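Trainee: Sequence and computational prediction follow.
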Amino acid sequence: MLDVAGGDHDSGPPTTGSSVLLRVAIRIRAASTLKVTALAFVVGLAFGALLIILTTPALLRSWGGLFSHPGGTIALNAKSIWGDYELLFCGGVFDPRAVWAAIQHSNNANWTTALSPLSSTLTFATPLILAGLGLAVGFRTNLFDIGGQGQLIGGALGAVYVGFTVHAPAPVLVLLEVLAGIAGGLLVAAIPALLKAFSGAHEVITTMMMNYAMLNLLVYLVSVSPFQRPGQQQGESKSIVPAGQLPKLFGSISSSLQVNAGFLIALVAVGAVAWFLNRSTLGFELQMVGANPDAAKTAGVSSRRVIIIALCIAGALVGLAGMAQVSGVDPPYVSPAYGGTIGFDAIVVALLGRNRPLGVLFAALLFGALDAGGHFMQVNSPTNIDYSLALVIQAVIVFCVATPALMVALFRLRASATTQAGLASGGWAK
């Protein structure tokens, strides 16, 4: 018999294995997503602290005197860990001392130092927000689109081509680049979408193959006309003209502050996708097919149409991310190494954000802060902590969020009163 009164003990031992599984499922469903994410962040920091100790010889040796000088050992380790995490925060969010100095002595140099962490975080997060939103739309439709890298390249190629061939006023040129980026990503995603809809080819295979196809296409295009930069043999495209580059948000303070209007585009996209998924009929149909294809078919929803639309929307948003990255961050051209791991990081961002627009936004900002803070920590840490520590913290956080059963068991998360009441009446709490 399952105890739903909120006590710590069951009214009796489970009679079947299914009752145990049901109890675990109930606790996972009842656990607050915010709680799980916050506790995952704590676990990530704790794991990072352990790595700081294990990879710093002075700290590791200090534990040999734990029993003779326990207070000194703990204080030394705590001070070192606190110092490194302070650098992580100051490099990824803001440095209170730099902000205070800029307020007291307001000049461009001081404000550049104060805004640099925020600028770095938002610059890194911008393409992740857009790409994460696109992949989240596919995931909500139960389509595992892992072709973000190819769609990112498609969007960047479209934007770059318009950026160096079209001569128009800045607002018009940027708008044309946005449309070209959307079209480039959409076209790349349309191929797996049509294959999935009409032949049943699995989207994981087809989108992955498109990544390789687009990467090779990129390598080819930057080595031939019209993309190839004149006199350049290293595989670089022509640059987007200055009028086609997204304006820097803090450009009046310093050109080194890279955050640009692409971040504003990303915020608009978050609101648009949230409205689309939660308020539009088509968004409801996409989620219905993702949740229960048989019920959607009974209701008259064409799964073939939904598959094509969902993957094309995903590709359009990821292509927009490619446009924002290439036209907003120096240098404004593409090369064979373009995009780095953005397309794959966006998968993790979408999953970490629970495939919800606001969740994707905060997940991307977290990744941006850890990236910017990790580089700052590596440069300024007296213990020579490597940037990869930030990547380890990212990985642990994602692992914990992706395994809520572990967090529920580890921290003994309990169902809320609302959930308990719903269970007592025989249904799931929503």
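Mentor: Happy to help now that I have it.

Trainee: Once you drop chain neighbours, what's closest to Gln258?
Mentor: Thr123 (4.5 Å; C-beta to C-beta, 6 or more residues apart in numbering). In this view, the C-beta of every residue, glycine as well, is placed from N, C-alpha and C.

Trainee: how near is the one you found to Gly147?
Mentor: Separation of Thr123 from Gly147 (C-beta to C-beta, to the nearest Å): 24 Å.

Trainee: Among these two, which residue is more densely surrounded?
Mentor: The residue with more neighbours, out of Thr123 and Gly147, is Gly147; 32 against 23, by other C-beta atoms under 10 Å.

Trainee: Now that one. Nearest residue, chain neighbours left out?
Mentor: Thr207 (2.9 Å).

Trainee: From Leu143, how far out is the residue nearest to Gln258?
Mentor: Separation of Thr123 from Leu143 (C-beta to C-beta): 29 Å.

Trainee: what's the answer for Ala402, then?
Mentor: For Ala402, the distance to Leu143 equals 19 Å [C-beta to C-beta].

Trainee: Pick out whichever of those two has more residues nearby.
Mentor: More neighbours surround Leu143 than the other of Ala402 and Leu143, with 24 against 13 (other C-beta under 10 Å).

Trainee: Am I right that that one sits in a helix?
Mentor: No: counting by DSSP: H, G, I helix; E, B strand; the rest coil, Leu143 is not found in a helix; it is coil.

Trainee: That one and Ala310 touch, don't they?
Mentor: Yes: the pair Leu143 / Ala310 is scored as a contact, 5.7 Å apart, by C-beta atoms under 8 Å.

Trainee: circling back: the residue nearest to Gln258 sits in which helix or strand?
Mentor: Using DSSP states H and E, Thr123 maps to helix 108-140.

Trainee: in that helix, what's buried?
Mentor: 110-140 (16 or more other C-beta atoms under 10 Å).

Trainee: on contacts alone, who are the packing partners of it?
Mentor: Contacts defined by 3 or more C-beta pairs under 8 Å, 6 or more residues apart in numbering; DSSP states H and E place helix 108-140 against helix 70-92, helix 96-104, helix 148-165, helix 262-279, helix 281-291, helix 303-328, helix 342-352, helix 357-380.

Trainee: contacts for the second one?
Mentor: Right, helix 96-104. With C-beta atoms under 8 Å, 6 or more residues apart in numbering as the contact definition, helix 96-104 has outside contacts at Cys90, Asn110, Trp111, Thr113, Ala114.

Trainee: same deal with stretch 106-118?
Mentor: Identification of contacts with stretch 106-118 by C-beta under 8 Å, 6+ apart yields 90-95, 98-99, 101-102, 250, 253-254, 256-257, 259, 372-373, 376.

Trainee: If any of those residues are buried, put those into a ChimeraX selection.
Mentor: To isolate the buried members of those in ChimeraX, using 16+ other C-beta under 10 Å:
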select :90,91,92,94,95,98,99,101,102,250,253,254,257,259,372,373,376
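
Trainee: Any stretches of the stretch 201-350 of the chain with poor pLDDT?
Mentor: Counting by pLDDT under 70, the stretch 201-350 of the chain contains no low-confidence residues.

Trainee: er, the stretch 1-150 of the chain actually
Mentor: 1-33.

Trainee: try 80 this time
Mentor: 1-38, 66 (pLDDT under 80).

Trainee: Next up, the contacts around the residue nearest the centre of the chain.
Mentor: Of all residues in the chain, the one closest to the mean position by C-alpha atoms, centre = their mean is Val349, 2.8 Å from it. For Val349, the contact set (C-beta under 8 Å, 6+ apart) comprises Leu128, Ile129, Ala131, Gly132, Val360, Ala363, Ala364, Phe367.

Trainee: For Leu133, see how far away the nearest residue to the fifth one once chain neighbours are set aside is.
Mentor: Across the structure, with C-beta to C-beta, 6+ apart as the measure, the residue nearest Val360 apart from its sequence neighbours is Gly353 (3.7 Å). The gap separating Gly353 from Leu133 is 9 Å, by C-beta to C-beta.

Trainee: Give me the common contacts of the two.
Mentor: With C-beta under 8 Å, 6+ apart as the test, Gly353 and Leu133 both reach Val360.

Trainee: any idea how far the residue of the chain positioned farthest from its centre is from Pro57?
Mentor: Taking C-alpha atoms, centre = their mean, the residue of the chain most remote from its mean C-alpha position is Ser68, at 46.2 Å. Distance check for Ser68 against Pro57: by C-beta to C-beta, it reads 19 Å.

Trainee: same deal with Tyr338?
Mentor: From Tyr338 across to Pro57, the span is 39 Å (C-beta to C-beta).

Trainee: just Leu195 next, same as before
Mentor: Using C-beta to C-beta, Leu195 is found at 55 Å from Pro57.

Trainee: neighbour count winner among these two?
Mentor: Leu195 (20 against 9).

Trainee: Now the more buried one: which helix or strand?
Mentor: Applying DSSP H and E, one finds Leu195 within helix 170-199.

Trainee: what is the rounded mean pLDDT of that helix?
Mentor: The pLDDT scores in helix 170-199 average 95.

Trainee: how far does it sit from the chain's center?
Mentor: Put simply, helix 170-199 sits 21 Å off its chain's centre (C-alpha atoms, centre = their mean, to the nearest Å).

Trainee: Also stretch 232-242?
Mentor: Here the centre of stretch 232-242 is set off from its chain's centre by 28 Å, with C-alpha atoms, centre = their mean.
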